[in-house]
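Asker: build me a model from this:
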Amino acid sequence: MDLTTTYLGLTLRNPIVPSASILSEKVENIVRMAEAGAAAVVMHSLFEEQITGEGEAFDHYLSYGEAISPEAQSYFPDLGEFVGPDEYLEHIRRAKEQVDIPIIGSLNGISPGGWVEYARLIEEAGADALELNIYYIPTNPDLTSAELEETYMETVRAVKAQVSIPVAVKLSPFFTSLPNMAKRLADAGADGLVLFNRFYQPDLDIENLEVVPRLRLSTSDELLLPLRWIAILYGRVDADLALTTGVHTHLDVLKGLMAGAKVTMMASALLRFGIGHISKVLEDLQAWMEEHEYESVAQMQGSLSQARVPNPAAFERANYMKTLHAWRPDPTGLLL
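Answerer: Below is the predicted model:
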């Protein structure tokens with residue numbers, strides 16, 4: 001049974017990659033992931049604000065929020081809670097010394113600037129690839145989509161100019177034309193696209209009249225959004241596709257591969273079930289492939305993408321209309 005796949009030019013022993021999370025903040029956890037069968041590990045993110053520290057960018061966001069509400073500064077964590085840039089680089093070096101699987105660094109930022117130099121330092125620390133996590137919530141009504149998208153392109157080009165290792169871009173689903181955005185990012189130099197960044201939405205505490213953070217781990221139900229877009233993008237963009245969000249079981253992995261993903265990434269499942277869950281998913285994956293007479297992962301990749309299914313419209317409006325039309329009430333009075 002051949003479980004190997006390629007991602008960002010790296011040959012991986014299987015398609016399961018732990019995504020960026022607090023688990024990778026400890027080298028011993030990275031070692032445990034490798035022992036459980038992880039094919040590679042994406043490190044926790046180094047944030048633009050950590051690199052700029054008390055510089056202009058961080059001061060801008062703090063002062064901007066303070067002008068709105070005196071309590072706004074409480075939304076931002078103390079930078080002392082994060083490891084510094086130098087510690088992050090040392091963390092990569094230590095991880096590389098102790099595991100024989102690829103280590104993928106993670107940079108989280110949006111504005112082109114001096115912080116992107118850390119892409120080169122991450123490479124020098126031994127990272128085999130880099131994931132650029134562009135996390136940005138536009139709130140300025142005068143900022144056009146074209147201007148924002150160009151900022152993405154400038155950031156990708158700036159990072160690519162710093163490194164020779166492959167770079168993947170982690171995207172959100174909130175673009176008017178995601179296929180065009182994906183194509184432009186590939187043209188700007190992105191070697192891979194990770195779908196999707198999982199934005200954590202704030203909640204409202206109506207008793208204390210506060211905006212509060214709310215973290216909920218993903219479920220397999222959230223797989224459907226990245227699954228659809230990977231199936232649509234497969235074969236249409238010159239970049240490897242990675243599926244993240246909602247990967248919990250071997251069935252989720254199989255769906256991601258058949259849609260066209262080179263790898264499937266998980267974090268919530270490991271936080272919920274433990275690092276050893278990787279071994280369980282791999283065992284179940286191999287058993288399913290043997291039962292259905294698949295000889296390799298490559299054999300199934302993209303087999304259910306839009307380009308290959310008999311009814312490509314199933315990924316478009318036809319599916320929307322059919323789903324709504326097919327709904328029927330449960331005779332017991334409960335909603336189906």
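
Asker: ok, which stretches of the stretch 201-336 of the chain are strands?
Answerer: 203-205, 210-212, 240-244, 263-266 (DSSP state E, counting those that start in this stretch).

Asker: just say which of these is most tucked in.
Answerer: Most buried of those, by mean neighbour count (mean count of other CB atoms under 10 Å): strand 263-266, with a mean of 29. Every residue, glycine included, has its C-beta placed from N, CA and C.

Asker: can you give me the offset of that one from its chain's centre?
Answerer: 8 Å (CA atoms, centre = their mean, to the nearest Å).

Asker: mind listing the strands it pairs with, and their directions?
Answerer: Its sheet considered, strand 263-266 pairs with strand 16-18 (parallel), strand 240-244 (parallel) by DSSP bridges.

Asker: save those as TSV, and put in distance to Gly37 and mean pLDDT too.
Answerer: Converted to TSV, these look like this (distance: least, CB to CB, whole Å; pLDDT from 0 to 100):
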stretch	distance to Gly37	mean pLDDT
strand 16-18	7	98
strand 240-244	17	97
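
Asker: in JSON lines, list those strands along with distance to Glu124.
Answerer: Output for the strands paired with strand 263-266, formatted as JSON lines (distance: least, CB to CB, whole Å):
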{"stretch": "strand 16-18", "distance to Glu124": "23"}
{"stretch": "strand 240-244", "distance to Glu124": "24"}
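
Asker: closest one to Ile22 among the strands of the stretch 201-336 of the chain?
Answerer: Comparing the strands of the stretch 201-336 of the chain by their distance to Ile22 (CB to CB), the top pick is strand 263-266, with 13.8 Å.

Asker: send the alpha carbons of the closest one over as CSV?
Answerer: The C-alpha trace of strand 263-266 is given here as CSV (Å, rounded to 0.1, in the frame of the first residue of the first chain):
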residue,chain,number,x,y,z
VAL,A,263,-2.3,16.7,1.9
THR,A,264,-5.0,17.0,4.6
MET,A,265,-4.2,18.9,7.7
MET,A,266,-5.6,18.5,11.2
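
Asker: any idea of the mean pLDDT for that strand?
Answerer: On average, the pLDDT along strand 263-266 is 98.

Asker: show residues contacting that strand.
Answerer: Strand 263-266 is contacted from outside by 5, 7, 12, 15-19, 39-40, 42, 194, 240, 242-244, 247-248, 252-253, 256-257, 278, 281, using CB atoms under 8 Å, 6 or more residues apart in numbering.

Asker: then stretch 218-235?
Answerer: Contacts of stretch 218-235 (CB under 8 Å, 6+ apart): 173, 178-179, 182, 193, 195-196, 198, 241, 243-249, 251-252, 255-256, 259-261, 267-268, 302, 304-307, 309, 315.

Asker: ok, now stretch 34-42?
Answerer: Residues outside stretch 34-42 that contact it (CB under 8 Å, 6+ apart) are 5, 7, 10, 12-20, 24, 30, 33, 95, 99-104, 106, 128, 131, 263, 265, 275-279, 282.

Asker: straight-line length of that stretch, end to end?
Answerer: 12 Å (CA to CA, to the nearest Å).

Asker: that one: how far from the chain's middle?
Answerer: Using CA atoms, centre = their mean, the offset of stretch 34-42 from its chain centre is 16 Å.

Asker: can you give me the end-to-end span of stretch 231-241?
Answerer: With CA to CA, one end of stretch 231-241 sits 10 Å from the other.

Asker: helices and strands of this structure: which one bottoms out on pLDDT?
Answerer: helix 56-68 (a mean of 46; mean pLDDT, DSSP states H and E).

Asker: sorry, back to before: make a markdown table out of the strands of the stretch 201-336 of the chain and add distance to Gln50.
Answerer: Shown next, in a markdown table, are these (distance: least, CB to CB, whole Å):
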| stretch | distance to Gln50 |
| --- | --- |
| strand 203-205 | 25 |
| strand 210-212 | 23 |
| strand 240-244 | 22 |
| strand 263-266 | 22 |
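
Asker: ok now stretch 289-302, how far from the chain's centre?
Answerer: On CA atoms, centre = their mean, the centre of stretch 289-302 falls 24 Å from the chain's centre.

Asker: contacting residues for Pro312?
Answerer: Gln306 are the contacts of Pro312 under CB under 8 Å, 6+ apart.

Asker: can you give me the buried ones in stretch 248-256?
Answerer: Residues of stretch 248-256 classed as buried: His248, Thr249, His250, Asp252, Val253, Leu254, Lys255, Gly256 (neighbour count, 16 or more other CB atoms under 10 Å).

Asker: what average pLDDT does that stretch get?
Answerer: 98.

Asker: can you pull the buried residues of stretch 105-117?
Answerer: In stretch 105-117, counting by 16+ other CB under 10 Å, buried: Gly105, Ser106, Leu107, Asn108, Gly109, Ile110, Pro112, Gly113, Trp115, Val116.

Asker: closest to Pro138 among those?
Answerer: Closest to Pro138, out of all of the buried residues of stretch 105-117 and judged by CB to CB, is Ile110, at 10.0 Å.
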